[in-house]
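> turn this into a structure:
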Amino acid sequence: MKKLLLICLTASFIFGAAQEKKISFAKELNYQFVGKEASRPALKMYASNSNEFLTKLDIRETPMYYYTDGLGTTVVSLALNNHLDGYLNSWMFYGMGDFYEKDDKQPFTLETQKLDTKETILGIPCSHFLLSLKDGERKDEKVKLCIDDKSPVSNFSVLNGILNQYMGKSKLKDSGLKGMILKGGPEKDYDKEYIVLASLKDTKDFVYFDHKKAMTDQQKKMDSIMLSYKKMEEEYASADSAAVAVDSVAAVADPYAYDNYYAIPDYVSEYKKAQDEDGSLAITNIPNENLWKGLPKHCKNFEKDLPEFKNKDLKKHLKNYVGQMCDMYLTQSGSHNVGIKLTLDEIRREVLYLNEVHDQLDESDQKKLKNYLKNLD
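Coordinates of the predicted model:
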């Protein structure tokens, strides 16, 4: 999935590829916002023939990724070689104090009703459904959807799964929603403010993922953070000094840091292991053009400037070295998806290779290599 998403170096040999499942996608769905939210980045979704989905959604200019299948929906991050990792994002903790006081996010009800009207989008006919959200506070919020109920792609589970991530467990009444969502928006402004399928095409993209393990690990992390919150509240209540209060406020601002401030994985020396020099780089698909200002100029389209060598292997190793260095500059962004340890391992491996091969190169290759590295900005 080189052009699919922000991808770093693979961790498959660390996490155990044998435990993972290969999910092959058949369709790529691109949705576009229309109306006041038209400036939003498009929503992208990949669907398999077994209704497994990988969805990219931008929340407050931060790209978020969700994996959905029969087990449910999980927030994920992207590693190299099409590997997905379970991930906890900061928006899941927004209002966490209220959540743990209630012991859990409150369930809500989704009621669905099929209407008698239809429309056609991208040449595909679809039927209108009315979706009502009720959770006590929202007495009756209605969303209108246009669904191709004959499509084998049934992605209502994605919408429901994302709602569950942030609102609590939903209860469906009279759902019957099967098929592909082509359009959706608030009932009252359905013709003015909506998201619509802009393109549908075949794809051969794929990922590797152990969804069951990711869900288990994520729940353990959530439980650990909830316990930390309760402990923090007890300390705050019994504190006689302002210092404890300050620490508590800092923890509320960043609950993930409270639980993991001193956590770091055990180092495993595996950087010398062979990797694919043609592996994907995060810089090949940067989600926001503003990020380029934090990277050296040579990182943009750097492959075009790589010299040609007589040594057939040198160019691909040099490409990987320079690309991984550029990826490291992306870690200045708080929303990066670069696997730092894995990227550092790749850099170390390529430095070792370049040092070892240098004396074996003929004079012209040595000169080209030296001049290229010397003139990088």
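> can you give me the helices in the protein?
Assigned by DSSP state H, the chain shows helices spanning 12-15, 96-101, 156-167, 211-238, 242-253, 255-260, 314-329, 340-358, 363-374.
> among these, where is the model least confident on average?
Note on the helices of the chain: lowest mean pLDDT is at helix 12-15, with a mean of 35.
> next one: Thr109 from Asp210, what distance?
Per C-beta to C-beta, to the nearest Å, Thr109 is found 32 Å from Asp210. Just so you know, the C-beta spots here come from the backbone N, C-alpha and C atoms, and that holds for glycine as well.
> no wait, Ile347
28 Å.
> ok, now Asn81?
Applying C-beta to C-beta to Asn81 and Asp210 gives a distance of 15 Å.
> more neighbours, Thr109 and Asp210?
Shown here are Thr109 and Asp210; by other C-beta atoms under 10 Å, Asp210 has more neighbours (20 against 14).
> from memory that one sits against Glu20, does it?
Yes. With contact defined as C-beta atoms under 8 Å, Asp210 counts as touching Glu20 (4.8 Å).
> mind listing what Ile283 touches?
Leu295, Cys299, Gly323, Cys326, Asp327, Leu330 (C-beta atoms under 8 Å, 6 or more residues apart in numbering).
> got it, and Lys36?
By C-beta under 8 Å, 6+ apart, the contact list for Lys36 reads Glu193.
> how near is it to Lys319?
43 Å.
> same check, this time on Lys367
According to C-beta to C-beta, Lys367 and Lys319 sit 19 Å apart.
> same check on Glu141?
51 Å.
> name the residue in those two with the higher neighbour count.
Lys319 (17 against 14).
> wait, that one touches Pro307, no?
No. At 10.8 Å, Lys319 does not count as touching Pro307 under the criterion of C-beta under 8 Å.
> as JSON lines, the contacts of Ile283 with neighbour count and distance to Phe129 would be great.
Conversion of these to JSON lines gives the following (neighbours: other C-beta atoms under 10 Å; distance: C-beta to C-beta, whole Å):
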{"residue": "Leu295", "neighbour count": "19", "distance to Phe129": "45"}
{"residue": "Cys299", "neighbour count": "21", "distance to Phe129": "46"}
{"residue": "Gly323", "neighbour count": "23", "distance to Phe129": "46"}
{"residue": "Cys326", "neighbour count": "20", "distance to Phe129": "46"}
{"residue": "Asp327", "neighbour count": "29", "distance to Phe129": "43"}
{"residue": "Leu330", "neighbour count": "23", "distance to Phe129": "41"}
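> closest one to Lys341 out of those residues, please.
Proximity of the contacts of Ile283 to Lys341, judged by C-beta to C-beta, is greatest for Asp327, which lies at 12.3 Å.
> could you report the neighbour count for the residue lying closest to the closest one once chain neighbours are set aside?
Spatial nearest neighbour of Asp327, excluding adjacent residues (C-beta to C-beta, 6 or more residues apart in numbering): Ala282 at 4.7 Å. Counted by other C-beta under 10 Å, the residues lying close to Ala282 total 28.
> go ahead and confirm Ala282 touches Ser333.
No. Using C-beta under 8 Å, Ala282 makes no contact with Ser333, being 10.1 Å away.
> Lys118 against Cys126, yeah?
Yes. If you go by C-beta under 8 Å, Lys118 and Cys126 touch, sitting 6.5 Å apart.
> neighbour count for these two, which is higher?
Cys126 (23 against 10).
> can you pull the contacts of the residue lying closest to the more buried one once chain neighbours are set aside?
Spatial nearest neighbour of Cys126, chain neighbours left out: Cys146 (4.1 Å); criterion: C-beta to C-beta, 6+ apart. By C-beta under 8 Å, 6+ apart, the contact list for Cys146 reads Lys118, Glu119, Ile121, Cys126, Ser127, His128, Phe129, Ile181, Leu182, Lys183, Gly184.
> any of these buried? List them.
The neighbour count (16 or more other C-beta atoms under 10 Å) marks Cys126, Ser127, His128, Phe129, Ile181, Leu182, Lys183, Gly184 as buried among these.
> now, which of these lie within strands?
Using DSSP state E, the members of those that fall in strands are Cys126, Ser127, His128, Phe129, Ile181, Leu182, Lys183, Gly184.
> quick check: the two most widely separated of those residues?
Longest span within these, C-beta to C-beta: Ser127 and Gly184, 12.8 Å.
> pretty sure Glu346 contacts Tyr271?
Yes. Counting by C-beta under 8 Å, Glu346 does reach Tyr271; the two are 7.2 Å apart.
> what mean pLDDT does stretch 64-73 get?
Per-residue pLDDT over stretch 64-73 has a mean of 88.
> now the end-to-end length of it.
With C-alpha to C-alpha, to the nearest Å applied, stretch 64-73 spans 13 Å between its terminal residues.
> so which bits of that stretch are buried?
Neighbour counts over stretch 64-73 (16+ other C-beta under 10 Å) mark Met64, Tyr65, Tyr66, Tyr67, Thr68, Asp69, Thr73 as buried.
> now do stretch 360-371
Leu361, Asp365, Gln366, Lys368, Leu369.
> ok, now stretch 182-198?
Residues of stretch 182-198 classed as buried by neighbour count (16+ other C-beta under 10 Å): Leu182, Lys183, Gly184, Gly185, Tyr190, Tyr194, Ile195, Val196, Leu197.
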